[in-house]
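Trainee: Sequence unavailable; structure follows:
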Ligand SMILES: C[C@H](O)[C@H](O)[C@@H](O)C(=O)CO
Ligand SMILES: [Mn+2]
């Protein structure tokens, strides 16, 4: 135990906060690390093309993973810099096989190497159908397409991903969240939103008709306000999926980049939690639009973490990340973003929650303001450093050295 942690422990104790309890809790919170930061959302299908669907990784920093083996090596390195045990969030376009199945023909065996690897790592996997970067998505319509043949193709894709996710969950003994994000929308103002939404609803109903054991797989649905090419209307809007998730008892995914830039996504948690059992977060950082920047230890993330802790939502929230930046080291992006999410959670766990809530309860808004400002000076960094030391993870200069060393080692990839 370091001297600075000893001092911090006493300072927090003076505020009535048990640092050991916070350290024990943070060690149990898994973050689902998204595979797509490692290769700019390219995936491993035998085709070339851009990410499509209105999402776009920009930049050409050296070191992009070009194969499942490279991606796994990068992930292993990243996990080794992040305290705690985490998960992998895998997209369906990241299959690991010599075959070239189309999206409506993927099977569990195409992902089996990922499961074997995850078992060796002792981690769980979450999964996602891939409704973008495909010729049958070129109209920016998939499950909501007016053509029944195109809808059926994507329904089959989604149906298979649920089956694959359930098998992954069963194989690893940990439920896989299968998150459905559908990019469908219109560049210019549509005249029949209702028809498009009815088609999406019917396709989702067909796609999810088969029930799977919740111990193995959970369906999640992710809304969006707009994307590149679908500026006027996204069929799967927030209201659409909020209603759908409530009616169908599904997990509701809130992506922090999928709302108006001034909306406070943290504020939504306690509201939606009254109507849905489970929430999936895509922690991201929009800059003017859904730009998916690497998350900072800033106000948005701190508020999100505080809501999760203060509203007691950690037990029913799956925390996933969703950012991708191709202008910087991709492994550093994972490490910085994931550690920031953990730092935010640790800070929230170290706040004098009861005292803050009591001030609000007695309408003492002066005390509440005073407390929220005073606690900003508490020695959070010493507790974080202790967490990393106990988990044998680097901090400060040592971390920078590790990230630089690994980036230099992968920079020659073509
Ligand atoms: C690759 C992901 O599925 C994607 O980022 C989705 O979650 C999203 O947020 C699209 O904007
Ligand atoms: Mn997302």
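Mentor: Received the coordinates, thanks. These figures come from a predicted structure and were not determined experimentally. Ligands and ions are numbered 1, 2, ... in the order given.
Trainee: In a strand, residue 252, correct?
Mentor: Yes - membership of residue 252 in a strand is supported by DSSP: H, G, I helix; E, B strand; the rest coil.
Trainee: Can you tell me the closest non-neighbouring residue to it?
Mentor: Distances taken as C-beta to C-beta, 6 or more residues apart in numbering put residue 245 closest to residue 252, at 4.2 Å, once the chain neighbours are dropped. In this view, the C-beta of every residue, glycine as well, is placed from N, C-alpha and C.
Trainee: so what does the helix or strand hosting residue 398 touch, helix or strand wise?
Mentor: If you go by DSSP states H and E, residue 398 is part of helix 396-410. Contacts defined by 3 or more C-beta pairs under 8 Å, 6 or more residues apart in numbering; DSSP states H and E place helix 396-410 against helix 68-81, helix 330-349.
Trainee: Which one, of those, ends up nearest to ligand 2?
Mentor: Between ligand 2 and the helices and strands packed on helix 396-410, the shortest gap by C-beta to the ion is with helix 330-349, which sits at 13.4 Å.
Trainee: Could you pull out the buried residues of that closest one?
Mentor: Neighbour counts over helix 330-349 (16 or more other C-beta atoms under 10 Å) mark 330-349 as buried.
Trainee: With stretch 302-322 instead?
Mentor: So for stretch 302-322, counting by 16+ other C-beta under 10 Å, buried means 302-309, 313-314, 317-322.
Trainee: anything in stretch 174-188 near ligand 1?
Mentor: Yes - against ligand 1, stretch 174-188 shows contacts by C-beta under 6 Å from any ligand atom at residue 181.
Trainee: Check stretch 31-48 too.
Mentor: Yes - Stretch 31-48 lies within reach of ligand 1 by C-beta under 6 Å from any ligand atom, at 36, 41.
Trainee: Which residue is the nearest non-sequential neighbour of residue 375?
Mentor: Residue 375 sits nearest to residue 351 (C-beta to C-beta, 6+ apart), 5.9 Å away.
Trainee: One more: residue 279?
Mentor: residue 317 is the one closest to residue 279 (C-beta to C-beta, 6+ apart), at 4.6 Å.
Trainee: Give me the phi and psi angles of that neighbour.
Mentor: Backbone geometry at residue 317, expressed as degrees, to the nearest 10, gives phi -120, psi 130.
Trainee: dump the residue contacts of it.
Mentor: Residue 317 sits next to 269, 278, 279, 280, 281, 308 when contact means C-beta atoms under 8 Å, 6 or more residues apart in numbering.
Trainee: now the strands for the stretch 201-350 of the chain?
Mentor: Per DSSP state E, counting those that start in this stretch, the stretch 201-350 of the chain carries strands over the ranges 217-222, 233-234, 251-255, 279-283, 285-287, 289-293, 317-321.
Trainee: Throw those into TSV and include distance to residue 27, thanks.
Mentor: Listed next are these as TSV, based on distance: least, C-beta to C-beta, whole Å:
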stretch	distance to residue 27
strand 217-222	23
strand 233-234	38
strand 251-255	24
strand 279-283	19
strand 285-287	25
strand 289-293	28
strand 317-321	14
